[in-house]
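Visitor: The following comprises the amino acid sequence and a computationally predicted model.
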Amino acid sequence: MAGRIEDYALIGDMQTAALVSRDGAVDWLCLPRFDSPAVFAGLLGTDEHGFWRIGPADEAPAPAALPRMEPAEFSEFESTGELRIPVTAHAPAVPADRRRYRGDSLILEQEWDTPHGGVRVIDFMPPRHLTEGGGVPQMIRIVEGLSGRVRMRSALRMRFSYGRVVPWVHRIDEPDGSYRTVAVAGPDSVWLDGEAESYGRNLTTYSDFTVGEGERVAFALTWQASHLPAPDRPDPEAALEATEEFWRGWVAQCTFAGAYREPVVRSLITLKALTYAPTGGIVAAPTTSLPEDIGGVRNWDYRYTWLRDAAITLSSLLRTGYREEARAWREWLLRAVAGDPENLQIMYGIAGERELGEMELDWLPGYEGSAPVRTGNGAADQLQLDVYGEVVEALHLAHMTGLARSDHAHMLQLKLIGYLEKHWTEPDEGIWEVRGPRRHFVHSKVMAWVAVDRTIKLLEGTPTDGPIERWRELRDSIHRDVCEKGYDAERNTFTQYYGGRELDASLLLIPQVGFLPPDDKRVIGTIEAIQRELLTEDGFVLRYPTHGTDGRNVDGLPGDEGAFLACSFWLADDLAMIGRVGEARELFEKLLALRNDVGLLAEEWDPQRKRQVGNFPQAFSHVPLIDTALRLNASGAYQER
């Protein structure tokens with residue numbers, strides 16, 4: 001069984017990513033891209049669906065073939081031709097005693113203390129421009145002896161197509177007397193190079209070895225299209241040095257220097273890891289179907305580029321000194337939307353693909369029984385008017401921070417406003433992608449206002465012609481409409497949608513985007529209403545009540561969900577804006593305490609189970625962490641300590 005979501009750490013090469021558990025198991029890895037089928041899918045099933053564990057082997061029995069079993073016993077066994085072999089515990093699942101990232105990098109170090117000595121496993125994926133031969137994904141694992149002599153085991157079970165396809169694994173002898181192990185199935189091949197002897201048992205590739213103090217034993221896994229020649233053998237030590245240098249250089253560009261630097265930098269590194277380097281697209285998370293409700297159906301594929309998530313990610317990167325990522329994302333946006341800007345999708349593939357058809361993988365039982373496991377995302381076809389505001393806001397911020405002007409981006413912005421001018425009065429599915437009926441969501445209207453407002457500011461500051469007076473009237477009309485139809489004067493709060501009584505945490509963004517000033521009584525009333533009605537018992541914020549006042553689920557889905565971490569950061573932001581900086585800092589630090597031991601956050605927090613839930617790590621959680629830290633530093637809140 002996979003570990004708790006917060007038991008995982010992230011490594012990646014800015015084209016794909018792996019999740020490594022505390023016990024040394026890689027339970028999730030898609031190759032060669034974020035959205036490719038997984039080679040290790042144990043996260044959503046069992047060891048049978050693929051994993052790679054390296055850890056101390058002092059308690060592990062040697063895997064051995066057993067006699068033939070009777071057919072009645074077959075359900076618990078695997079078939080290997082004529083021999084049936086039990087699915088064993090391939091390597092002892094012993095949690096590491098310590099783990100950390102090496103400095104400000106994405107190089108993971110885990111350490112075990114055993115009765116026979118200490119050992120460290122170093123895991124990383126070198127950025128592909130640094131790899132031998134260039135352009136191929138590699139995962140490198142280096143075992144380092146710290147003291148004594150420790151028996152170790154590597155157990156590698158490759159399963160292509162999300163655990164469904166068993167590859168042909170064979171050994172290729174080299175002229176120099178060495179050998180390589182390769183797994184092939186269909187278009188994929190994965191090559192294992194190791195400094196320890198390997199052997200096959202139980203459809204698994206093992207290496208048993210001993211490491212002494214000061215000794216290092218390296219393994220590398222390399223993906224290559226199966227029709228191409230074998231990839232070059234990697235040089236693990238050189239790759240480690242180059243990877244560390246890369247991250248050191250990237251972090252050095254960061255302009256953030258205030259309090260909370262450690263969580264901010266770790267969040268920035270995580271956002272960089274979620275960026276698809278060849279195109280500039282940014283995935284919402286590197287995983288699919290990690291549940292928002294454990295055991296439920298709220299399981300979605302987040303390995304795509306949501307315009308909303310990418311735009312707010314871009315904003316955080318720009319505000320902390322990273323212009324190159326902004327330029328690359330802007331170019332990605334122009335390519336993705338090219339030729340059809342009026343039919344803006346809420347999400348695209350990481351190379352700009354439009355077709356993201358949703359399907360269910362019924363052979364995977366799901367994380368802790370949370371089924372179905374889904375790939376693709378049917379929400380790609382939804383209408384979400386708020387996306388126009390987030391995209392225009394990102395383009396506006398890029399312009400304001402000195403990114404070179406792009407005529408194509410300018411024309412795109414004008415076309416988007418032309419679309420909104422005709423359609424802003426329509427109902428939509430809103431920021432939370434409800435699968436219930438379309439409604440006039442207040443947040444969607446507010447963000448339509450943002451799109452028009454930022455475009456007017458662009459026209460006011462440039463010689464470009466445009467219907468500025470007409471758009472000023474449009475901006476005023478949207479503002480008036482929201483204040484009249486989306487505000488409940490009796491309760492002194494904005495509501496989730498026109499005519500409704502439910503609240504929605506996205507209303508916390510009203511002062512942050514400048515729709516109303518922070519000291520407006522309607523803003524303060526909304527903040528206080530959300531504190532009364534949407535806080536969990538431990539003080540974090542729900543997105544909205546899943547069950548409406550009419551007894552029906554507002555979002556059209558069964559079950560509940562946890563506290564949404566982004567919304568909780570938004571509340572801290574708002575509290576700082578209205579002068580309640582002590583409360584803001586207290587909530588912010590409670591949120592920081594939810595991060596796992598290596599600084600990562602999933603999408604939500606389950607207040608009953610006291611666990612992280614949802615896809616992991618989640619850009620939409622790390623972005624507002626950065627934004628709130630920036631605001632608290634600007635307000636001087638940290639100086640109150």
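Guide: Arrived safely. Numbering: from 1, shown residues only.
Visitor: Next, the contact list for Met158, please.
Guide: Met158 is in contact with Val39, Phe40, Gly50, Pro167, Val169, Ala183, Val190, Thr205, counting by CB atoms under 8 Å, 6 or more residues apart in numbering. From N, CA and C alone the C-beta is placed, and that goes for glycine too.
Visitor: which of those residues sit farthest apart?
Guide: For the contacts of Met158, the maximum inter-member distance is 14.5 Å, found between Phe40 and Val169 (CB to CB).
Visitor: Pick out whichever of those two has more residues nearby.
Guide: Phe40 (27 against 19; other CB atoms under 10 Å).
Visitor: Please name the nearest non-neighbouring residue to the more buried one.
Guide: Gly50 (4.0 Å; CB to CB, 6 or more residues apart in numbering).
Visitor: tell me the secondary structure for the residue nearest the centre of the chain?
Guide: Centrality entry for the chain: nearest residue to the mean C-alpha point is Ala285, 1.9 Å, by CA atoms, centre = their mean. Per DSSP: H, G, I helix; E, B strand; the rest coil, the secondary structure class of Ala285 is coil.
Visitor: With Glu586 instead?
Guide: helix.
Visitor: swap in the one 10 residues further on?
Guide: Following three-state DSSP, we place Asn596 in the coil state.
Visitor: With Leu591 instead?
Guide: helix.
Visitor: need the contact list for it.
Guide: Counting by CB under 8 Å, 6+ apart, Leu591 has contacts Phe540, Leu565, Ser568, Phe569, Ala572, Leu625.
Visitor: Quickly note the distance from it to Leu268.
Guide: 17 Å (CB to CB, to the nearest Å).
Visitor: pLDDT weak spots in the stretch 501-641 of the chain?
Guide: Low-confidence segments of the stretch 501-641 of the chain, defined by pLDDT under 70: 547-559, 636-641.
Visitor: all strands of it, in order?
Guide: 563-564, 604-606, 611-613 (DSSP state E, counting those that start in this stretch).
Visitor: what does the stretch 1-150 of the chain give?
Guide: According to DSSP E, counting those that start in this stretch, the strands that the stretch 1-150 of the chain contains are 8-12, 17-21, 25-30, 38-40, 51-56, 77-80, 83-86, 98-101, 108-114, 117-124, 138-157.
Visitor: Throw these into a markdown table and include mean pLDDT, thanks.
Guide: What follows is the strands of the stretch 1-150 of the chain, written out as a markdown table (pLDDT from 0 to 100):
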| stretch | mean pLDDT |
| --- | --- |
| strand 8-12 | 98 |
| strand 17-21 | 98 |
| strand 25-30 | 98 |
| strand 38-40 | 98 |
| strand 51-56 | 97 |
| strand 77-80 | 33 |
| strand 83-86 | 34 |
| strand 98-101 | 98 |
| strand 108-114 | 97 |
| strand 117-124 | 98 |
| strand 138-157 | 97 |
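Visitor: Please identify the deepest-packed of the ones you listed.
Guide: strand 38-40 (a mean of 29; mean count of other CB atoms under 10 Å).
Visitor: That strand pairs with which strands, and in what direction?
Guide: Partner strands for strand 38-40, per DSSP bridges, with pairing direction: strand 25-30 (antiparallel).
Visitor: re earlier: pick out whichever of the contacts of Met158 sits closest to Val121.
Guide: Checking the contacts of Met158 one by one against Val121 (CB to CB), the nearest turns out to be Phe40, at 16.0 Å.
Visitor: re the thing from before, is it possible to get JSON lines of the strands of the stretch 501-641 of the chain that adds distance to Ala259 and mean neighbour count?
Guide: Below are those laid out as JSON lines (distance: least, CB to CB, whole Å; neighbours: other CB atoms under 10 Å):
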{"stretch": "strand 563-564", "distance to Ala259": "24", "mean neighbour count": "25"}
{"stretch": "strand 604-606", "distance to Ala259": "23", "mean neighbour count": "25"}
{"stretch": "strand 611-613", "distance to Ala259": "24", "mean neighbour count": "24"}
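Visitor: Looking at the ones you listed, spot the one closest to Asp597.
Guide: strand 611-613 (12.0 Å).
Visitor: Which residues outside the closest one are in contact with it?
Guide: Outside strand 611-613, the residues that reach it (CB under 8 Å, 6+ apart) are 4-6, 290-294, 561-562, 594, 596, 601-606.
Visitor: ok, it: who's next to it in the sheet?
Guide: In its sheet, and by DSSP bridges, strand 611-613 pairs with strand 604-606 (antiparallel).
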